[in-house]
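> this one's structure only:
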């Protein structure tokens, strides 16, 4: 993912900052504890397509 693109994206729920996790191909919103998938290089910014973070993922420090 292009870092410039990531910098322009915001969480569709809270409008907060998203964190890119390349190994999982996801954009993470720590505020809402949601992970938005990236499919074929395109971020899917729909709440219905996001998954809730696990407790372990919530406790992991940011990169």
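Noted; the coordinates are in hand. The structure displayed is predicted, hence computed values, not measured ones. Residues are numbered from 1 along each chain as shown.

> pLDDT below threshold where in the protein?
Along the chain, the model assigns pLDDT under 70 to residues 1, 63.

> In it, which strand is the longest?
The longest strand of the chain (DSSP state E) is strand 34-39.

> Now residue 18: closest residue in space that isn't a chain neighbour?
If the residues on either side of it in the chain are set aside, residue 18 comes closest to residue 27, at 4.2 Å by C-beta to C-beta, 6 or more residues apart in numbering. For every residue, glycine as well, the C-beta is placed using N, CA and C.

> which SS class is that neighbour?
Secondary structure state of residue 27, per DSSP: H, G, I helix; E, B strand; the rest coil, is strand.

> Am I right that it is in contact with residue 17?
No. If you go by C-beta atoms under 8 Å, residue 27 and residue 17 don't touch, sitting 9.9 Å apart.

> between those two, who's got more neighbours?
More neighbours surround residue 27 than the other of residue 27 and residue 17, with 24 against 16 (other C-beta atoms under 10 Å).

> so the more buried one bridges to which residues?
Listed by DSSP bridges, the beta-bridge partners for residue 27 are residue 20, residue 36.

> check contacts around it.
For residue 27, the contact set (C-beta atoms under 8 Å, 6 or more residues apart in numbering) comprises 6, 9, 18-21, 35-36, 38, 43, 45.

> again, 10 Å this time
Contacts of residue 27 were listed using C-beta atoms under 10 Å, 6 or more residues apart in numbering, and they are 1, 6, 9-11, 17-21, 34-38, 43-45, 50.

> which of those are buried?
Buried subset of those (neighbour count, 16 or more other C-beta atoms under 10 Å): 11, 17-18, 20, 34-38, 43, 45, 50.

> elements contacting the longest strand of the chain?
Strand 34-39 sits against strand 19-21, strand 26-29, strand 51-52, with contacts defined as 3 or more C-beta pairs under 10 Å, 6 or more residues apart in numbering; DSSP states H and E.

> and the next element down the chain from that strand?
Next along the chain after strand 34-39, taking DSSP states H and E as the criterion, comes strand 42-43.

> Check which helices and strands that following strand is in contact with.
Strand 42-43 is packed against helix 3-8, with contacts defined by 3+ C-beta pairs under 10 Å, 6+ apart.
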